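In: give me the fold of what follows.
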Amino acid sequence: MEVTERRHRGKDEAELPEVTKRPESTRKAFIVVGIVFIVSLLALLYVYQCFPDLEEDEIQHIKLPRDIEDAKNLGKVLYRYKDKYYFEVLMGVFISYIFLQTFAIPGSISLSILSGFLFPFPVALVLVCFCSATGATFCYLLSFLVGRRLVYKYFPDKARSWADKVNNHRSNLLNYMIFLRITPFLPNWFINITAPVIDVPMLPFWLGTFLGVAPPSFLAIQAGTTLHQMSSSGDAISWTSIILLAAFAVLSLVPVLLKSKLRDKFE
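Out: The predicted structure follows:
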């Protein structure tokens, strides 16, 4: 009996990712995450230092927006300097957005609305989609370094089960990613953290995020053109926008359904 248990345990351990067997690797991963966080803060500080000398009443509004009021006040300050310091303003939004997405910090919706207020629509849409996809991918990588190790260490059976389910639908992962990004069924931060744990490849993750956040970002950016009239970020959502998002979500799954029907027909 003991021999059988040892063999079974040895087999399970052999199936685990190699990094989960080395405690020192997990410690190094946490150190890497800390370094990335510090470097990100330094990047934000550098952008702030590149800004012109601000008035005393403006300095208090140069911060990451936590709600729509913060976005309004920040928008007023940035709009004043946008024409003369266009690159600095653009990079400020760019780095701030990626920072929030990378560390799953709330506030990116306010930056999406702010982008619609500051920049032409095509620029704002590409900016938000690229920052969302890139920041989410950085979060994915951090989770791969730390979260994947911890899950496989403490919940190896569930982790393998989830990974097997993903492998069964690997040919449709892009469509599923687009669907999850469009719909509010799962928070974006949860998707970012769990994707590497269940072996979602990085390319469909990035591309699915870029395409999937486009419809809700379209609505947020459009709402940004009337930023000063908004009382909350929820003003960007209406019944019309909900119907549109639902339609886009259904369309994202049409290729999956067609593939399934064709497969059943020829089999």
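
In: from V151, how far off is the most centrally placed residue in the chain?
Out: Nearest residue to the geometric centre of the chain (Cα atoms, centre = their mean): A136, 3.1 Å. Using Cβ to Cβ, to the nearest Å, A136 is found at 18 Å from V151. All C-beta atoms are positioned from the backbone trio N, CA, C, and that covers glycine.

In: now do the buried residues in the helix or strand hosting the residue nearest to the centre of the chain.
Out: Element membership for A136 (DSSP states H and E) is helix 121-145. With burial defined by 16 or more other Cβ atoms under 10 Å, the residues of helix 121-145 counted as buried are 124-125, 127-145.

In: chain center to it: distance?
Out: Helix 121-145 sits 6 Å away from the centroid of its parent chain (Cα atoms, centre = their mean, to the nearest Å).

In: likewise stretch 174-187?
Out: How far stretch 174-187 lies from its chain's middle: 11 Å, per Cα atoms, centre = their mean.

In: same check, this time on stretch 111-130
Out: 16 Å.

In: contacts for it next, please.
Out: With contact meaning Cβ atoms under 8 Å, 6 or more residues apart in numbering, stretch 111-130 is reached by 65, 68, 71, 74-75, 78-79, 82, 89-90, 93-94, 96-97, 100, 210-211, 213-214, 217-218, 220-225, 227, 230, 233, 236.

In: so what's R66 up against?
Out: P106, G107, S110.

In: ok, and the most crowded of those residues?
Out: Among these, S110 has the most neighbours (other Cβ atoms under 10 Å), with 25 neighbours.

In: about what we covered before: going by contacts, tell me the helices and strands next to the following helix or strand past the helix holding A136.
Out: Sequence order places helix 147-154 as the next helix or strand after helix 121-145, per DSSP H and E. In terms of contacts (3 or more Cβ pairs under 8 Å, 6 or more residues apart in numbering; DSSP states H and E), helix 147-154 is packed against helix 23-50, helix 156-168.

In: now do the contacts for the residue nearest to the centre of the chain.
Out: Q101, N188, I191, N192, F205, W206, T209 are the contacts of A136 under Cβ under 8 Å, 6+ apart.

In: and of those, the nearest to S161?
Out: Nearest to S161 among the contacts of A136 is I191, at 18.2 Å by Cβ to Cβ.

In: mind checking how far that closest one is from F179?
Out: Counting by Cβ to Cβ, the gap from I191 to F179 is 11 Å.

In: check V200 too.
Out: In terms of Cβ to Cβ, V200 sits 13 Å off from F179.

In: kind regards, and thank you for your time.
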